[in-house]
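Undergrad: what follows is a predicted structure for the sequence shown.
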Amino acid sequence: MLLVLSEEHKEHLSFLPKVDVAVVAEFGRIALEFLRRGTSRKIYEGAARKLCVPVEMVQHGVEGLMFLMTESSKHMISEVDFLDSVLVLGFGEELNQILLQLYLQHHSQIRSVLTLLSSNMPAYHNVEWRLDVQLASRSIRHQAIPMLTLRLLLTRGRDGSTDHSRVLQTDPSTLLHLISTLEAALAAMKTSHTRRILRNIK
Amino acid sequence: MELSESVQRGLQSLADPSVFDQTSFPALLDVSFRSLLSSHADSGVLDQSELKQLDQILLKQSHTAATTFILEAVKQNADKSTVSSCLEELTFSAERIEIFCSTYQKHKKELEHLLASIGRQPPHVNDVSWRLQYHMKNGQVDKVNEPFYLISLNAESKGIPEDINFTCTMEQLQDLVGKLKDAAKSVEKASQM
């Protein structure tokens, strides 16, 4: 699959061949750092001063690089396709190779960063359980009710590290029902229908 | 069972055949149990024809005393002999004790249930629903191609349903089921002790 770069994008990237190869490598490093941590205006200004070019030019160049990397990683394009897509920019062979290396080295990292962006549902992390017997409460004594207290730990969407825990309760018979229902869910993965789909959509 | 003075007095009036006769005694008993078991407070609960001719203040005192006594008995899981001896001390005739005890036995389980539901509890899980989906792509990443489960735990907190939704991979679901099975095993072991 080839990447289609917009005119604006090509214009932003046209800054790159005008500078040293070493500078491009540096921009590549900055671009990846920005993808991980977020942009910083100071770095743009510093680089612009050193190269004696306007700040916007540096900014566009770096942003163009960032976008090139994220789009390539998003679609998991092959080496050949990447080089063909970059060819349209009319850069020299050396520059193309640098961009390719940048892509190959970092694409899985970039993909995992992008994946964090997309998850917006709470995901299972862990469950802790405890068996208790309720003996009495304020309103009634002489009880003997077995109950299972569960603590469900979920990671909340965007910020993968934030754990969100819910305390829940159930009784032994419901527990057995939950187990059999979820085992049926696991069995669904092993049916020939599921296997066929998993095999064929790649 | 420890009863306050006003409760004792109210019950003694109830025991007295000159205050509550053969028809009004079972009527008040019935009303007392009913007002505890019904889910709506009914201000007209004492407007029964059998109770019309009684002194209304005395009626209210006896009604309050009877309901307090019933709740205390259920709370302490009092058996028939405890209730009987208590009523005997409060000058109830053997016949009235018999009527009281049989009604008490009839409604005891339901009242226990009612009292047990009062109080704070974490949401109670009743059921679970699941969906198996195949994640192909999303706005940020293409070619994801991973199956995943969407699990929904149907819980209830004081009658208000509350759903807890989350996603998990097959490995995570296996982990969850494994842990739940451990819990079930420990319940089985504990029940055999």
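TA: Right, received. Where do you want to start?

Undergrad: going forward, measure contacts between C-alpha atoms and count neighbours the same way
TA: Noted.

Undergrad: can you name the helix or strand that the spatially most central residue of chain B falls in?
TA: For chain B, the residue sitting closest to the mean C-alpha position, by CA atoms, centre = their mean, is residue B:114 at 1.5 Å. Residue B:114 is part of helix B:94-116, with elements assigned from DSSP states H and E.

Undergrad: return the set of buried residues in that helix.
TA: B:96, B:97, B:100, B:101, B:104, B:108, B:111, B:112, B:115, B:116 (16 or more other CA atoms under 10 Å in any protein chain shown).

Undergrad: what helices and strands are in contact with that helix?
TA: Applying 3 or more CA pairs under 8 Å, 6 or more residues apart in numbering or on different chains; DSSP states H and E, one finds that helix B:94-116 makes contact with helix B:24-37, helix B:56-75, helix B:80-89.

Undergrad: if we use 10 Å, what do you get?
TA: Under the contact definition 3 or more CA pairs under 10 Å, 6 or more residues apart in numbering or on different chains; DSSP states H and E, helix B:94-116 sits against helix B:5-15, helix B:24-37, helix B:56-75, helix B:80-89.

Undergrad: can I get the CA coordinates of it in CSV?
TA: Extracted in CSV, the C-alpha atoms of helix B:94-116 (Å, rounded to 0.1, in the frame of the first residue of the first chain):
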residue,chain,number,x,y,z
ALA,B,94,-52.5,-19.3,76.3
GLU,B,95,-54.9,-18.9,73.5
ARG,B,96,-53.6,-15.5,72.5
ILE,B,97,-50.0,-16.7,72.7
GLU,B,98,-50.9,-19.6,70.3
ILE,B,99,-52.5,-17.2,67.8
PHE,B,100,-49.5,-14.8,68.0
CYS,B,101,-46.9,-17.6,67.6
SER,B,102,-48.5,-19.2,64.6
THR,B,103,-48.7,-15.9,62.8
TYR,B,104,-45.1,-15.2,63.8
GLN,B,105,-43.9,-18.5,62.4
LYS,B,106,-45.8,-17.9,59.2
HIS,B,107,-44.2,-14.5,58.5
LYS,B,108,-40.8,-15.0,60.1
LYS,B,109,-38.8,-15.9,57.0
GLU,B,110,-40.2,-13.0,55.0
LEU,B,111,-39.4,-10.5,57.9
GLU,B,112,-35.9,-11.9,58.1
HIS,B,113,-35.4,-11.3,54.5
LEU,B,114,-36.6,-7.7,54.9
LEU,B,115,-34.3,-7.0,57.7
ALA,B,116,-31.4,-8.6,55.9
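
Undergrad: most remote residue from chain A's center?
TA: Max distance from the centre of chain A (CA atoms, centre = their mean): residue A:142, 53.7 Å.

Undergrad: burial measure for residue A:57, as a count.
TA: Per other CA atoms under 10 Å in any protein chain shown, the neighbour tally for residue A:57 reads 18.

Undergrad: quick check: it vs residue B:81, distance?
TA: Plainly put, residue A:57 is 94 Å away from residue B:81 if you go by CA to CA, to the nearest Å.

Undergrad: ok, the closest residue in space to residue B:147 that isn't next to it in sequence - contacts?
TA: Nearest non-adjacent residue to residue B:147, counting by CA to CA, 6 or more residues apart in numbering or on different chains: residue B:134, 4.1 Å away. Contacts for residue B:134 (CA atoms under 10 Å, 6 or more residues apart in numbering or on different chains) come out as A:194, A:197, A:198, A:201, B:144, B:145, B:146, B:147, B:148, B:149.

Undergrad: residues contacting residue A:40?
TA: A:30, A:33, A:34.

Undergrad: most neighbours, which of those residues?
TA: residue A:30 (20 neighbours).

Undergrad: which of the contacts of residue A:40 sits closest to chain B?
TA: Distance to chain B, by CA to the nearest CA, is smallest for residue A:34 among the contacts of residue A:40, at 16.9 Å.
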